[in-house]
Structure formats: structure tokens, C-alpha cells
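> how does the following fold in three dimensions:
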Amino acid sequence: MVKNIIFDLGGVLLNLDQERTLRRFRKLGLDLDEINIQSPVFKDFETGKMREEEFIHFLKSELKGTANDEDVLDAWNAMLLDMPKERVDLVYALQAKFNIYLFSNTNTLHMKEIFRYTDNQLGPGRFSGMFKKMYLSYELGMRKPSPDAFHKVMQDANLKGFETVFIDDSKINLKGAQEAGLHTIYAAQPFDKWALKEIQAIRTLQMN
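Numbering: from 1, shown residues only. Predicted structure coming up:
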């Protein structure tokens, strides 16, 4: 039987609207889609190869002095919305039957804001207490959808793929997890409409 569940964060537990950040930067005078095509800066930031001070400096330099640190930070965090209490309670309930982990492609700036928000809205430590361990790409030095990233998580947590389910809202990430030998569930939106049914189905999965 499945013993472990690995959750993605953004788009699954945390509501996101990436367009808000894209719009805010366009208003400041910068197209992040073009930056992503031309530069590895976002990948470097998410895999811990770039410090947040360097990242903010890079964006400010692209804006040619038209924005300060606060402008950049507010625009960068604009995509982060809310984490409904019902989802948090669901994860805590699952702890009775499963080992719960988090694996997220993210960065230091977003995580600081997420911890600040969850401490204020849900209570101190309530977010981190949802998981046996959190695997964050900037700490791991790797990110999804690389199968090697999943293997690294599984090795560190001593997980067997056939005993583990990975839940994500990105089909590309799910493919990487499948190549690493994990069961997967596609997090169709909105989370709250499918979660209970799909997670109940996990209980029926048998070892290959």
C-alpha cells in the first residue's frame, strides 16, 4: 500500500496567479517572459545558484533604475495568493495514515512571504508542521521535472517509488515523477473539488 504523499505547493496547496506578477512587471516596464527566454536567472534563483540580493539587483538593472527594491519585491510576490485552512486541515488529517512531504520549485523570496503569511493567517508553525520534511528546489540544488531531483528527494527521505504518490498541477512535473518510479495525481483545479476523491483513491493503490 502507498505510505507516502508528496505535495507540490503552488497551485495545489497555495493558490497562485502568476499573471499578476507578469502584469506588475509589465507595468514597471519589464517582460519576464522575455527575460526567461534570454537568461537562466529564474532557474538559477530557484536552484540556489543566485542569492536574493543578486536576483533583485538583476531585475532592477533590467528596469534601468525605474524601480526600487520594494517595487521589485512587491511585484515578484504578487502571484502568491492564499492557502485555505481547509487544505491545511486536510493535510493534517492525512498524517494519521501517510507520511506527508512537500517538494516545490521555489525561491527564498517567495518562501519568506509564504512563511510570513501562513504564520499570520494560520498560526505560527502551522504550515511547516504539515510535512515530515520540505524539499525546496533552492535548497536541493535541483528542480522538477528532472527525475534526478525526485531520486534525490526519495533517497534523502528513504522513500520507495511504489509506496509514494506525488501530487502536482504540472503535467511536465508529473512525467518526471513517473520516470522516477512514483505514482502521480494530476491536481486539476480547483484543488478542493477533486482532493478528497483523489486522495481516497490513493488508499486502493497496491504495490506493483
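> switch to C-alpha atoms for all contacts and neighbour counts from now on
Will do.
> quick one: low-confidence parts of the chain?
Judged by pLDDT under 70, the chain has its weakly predicted residues at 190-196, 200-201, 203-208.
> again, only this time at 90
Scanning the chain for pLDDT under 90 picks out 1-2, 65-66, 86-87, 90, 93, 97, 186-208.
> surely residue 165 forms part of a helix?
No. Counting by DSSP: H, G, I helix; E, B strand; the rest coil, residue 165 falls outside a helix, being strand.
> ok, it to residue 26 distance?
38 Å (Cα to Cα, to the nearest Å).
> again with residue 112
Computed as Cα to Cα, the residue 112 to residue 26 distance reads 24 Å.
> over to residue 1?
48 Å.
> same question for residue 136.
Counting by Cα to Cα, the gap from residue 136 to residue 26 is 28 Å.
> looking at those two, which is more packed in?
residue 136 (23 against 13; other Cα atoms under 10 Å).
> dig out what that one forms beta bridges with.
Beta bridges link residue 136 to residue 104 when assigned by DSSP bridges.
> for it, give me its contacts.
Contacts for residue 136 (Cα atoms under 8 Å, 6 or more residues apart in numbering) come out as 102-107.
> now the helices: where do they sit in the chain?
Assigned by DSSP state H, the helices in the chain fall at 18-28, 32-38, 41-46, 52-62, 69-77, 85-94, 108-121, 137-140, 147-157, 171-179, 191-202.
> among those helices, which is nearest residue 130?
Nearest of those to residue 130, taken as Cα to Cα: helix 85-94 at 5.8 Å.
> pull the distance from that closest one to the chain's centre.
17 Å (Cα atoms, centre = their mean, to the nearest Å).
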